[in-house]
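Visitor: could you look at this predicted model? Sequence included:
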Amino acid sequence: SGELMTVKLRYKLPDEEVSKLIEVPVVDDGGTFADSSDDFAFALSVASFGMLLRGSPHSENFNYDFVHELAAGSIGPDESGYRAEFLTLIDRARTIDATMPKPGDDR
């Protein structure tokens with residue numbers, strides 16, 4: 001069927017007694033990352049940045065350069081300047097990380 005999963009969200013409005021359930025199937029439509037929107041690619045860069053900051057074992061295949069390149073390439077319209085500011089945060093984190101001792105370093 002191509003269905004990867006079903007996302008289920010249950011919520012209740014403040015003045016209501018009964019909760020409501022939303023179910024949305026996530027389907028693989030065969031698209032590639034190259035076909036994804038700038039918003040999707042930028043969201044991926046933000047998630048990847050968070051994984052790098054917390055030292056996630058799932059971040060071992062990418063680095064700050066990759067995250068910066070991904071974010072810069074998907075900046076799109078940035079009327080508030082938040083996306084450009086994110087690029088600055090990546091650069092600052094990369095600089096700080098470069099000065100931090102790594103396991104096994106003799107610094």
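Guide: Thanks, I have the structure now. Residues are numbered from 1 along each chain as shown.
Visitor: for the protein, what spans make up the helices?
Guide: Listed from the start of the chain, the chain has helices (DSSP state H) covering 38-53, 64-73, 82-99.
Visitor: can you redo these as TSV with mean pLDDT?
Guide: As requested, the helices of the chain are exported to TSV (pLDDT from 0 to 100):
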stretch	mean pLDDT
helix 38-53	95
helix 64-73	95
helix 82-99	94
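Visitor: export the ones you listed to CSV and tack on distance to residue 26 and mean neighbour count?
Guide: All C-beta spots, glycine's among them, are computed from the backbone N, C-alpha and C. Supplementary listing: those in CSV, determined by distance: least, C-beta to C-beta, whole Å; neighbours: other C-beta atoms under 10 Å:
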stretch, distance to residue 26, mean neighbour count
helix 38-53, 13, 16
helix 64-73, 22, 17
helix 82-99, 26, 13
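Visitor: output the ones you listed in a markdown table, with distance to residue 7 appended to each entry.
Guide: Below are the helices of the chain laid out as a markdown table (distance: least, C-beta to C-beta, whole Å):
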| stretch | distance to residue 7 |
| --- | --- |
| helix 38-53 | 16 |
| helix 64-73 | 24 |
| helix 82-99 | 26 |
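Visitor: right, so of the ones you listed, which gets closest to residue 21?
Guide: Of all these, the one in closest proximity to residue 21, counting by C-beta to C-beta, is helix 38-53 (25.1 Å).
Visitor: for that closest one, give me every contacting residue.
Guide: Helix 38-53 is contacted from outside by 33, 58-59, 62-64, 66-68, 70-71, 73-76, 83, 86, 89-90, 93, using C-beta atoms under 8 Å, 6 or more residues apart in numbering.
Visitor: ok, now stretch 98-107?
Guide: The list of residues contacting stretch 98-107 from outside it, by C-beta under 8 Å, 6+ apart, is empty.
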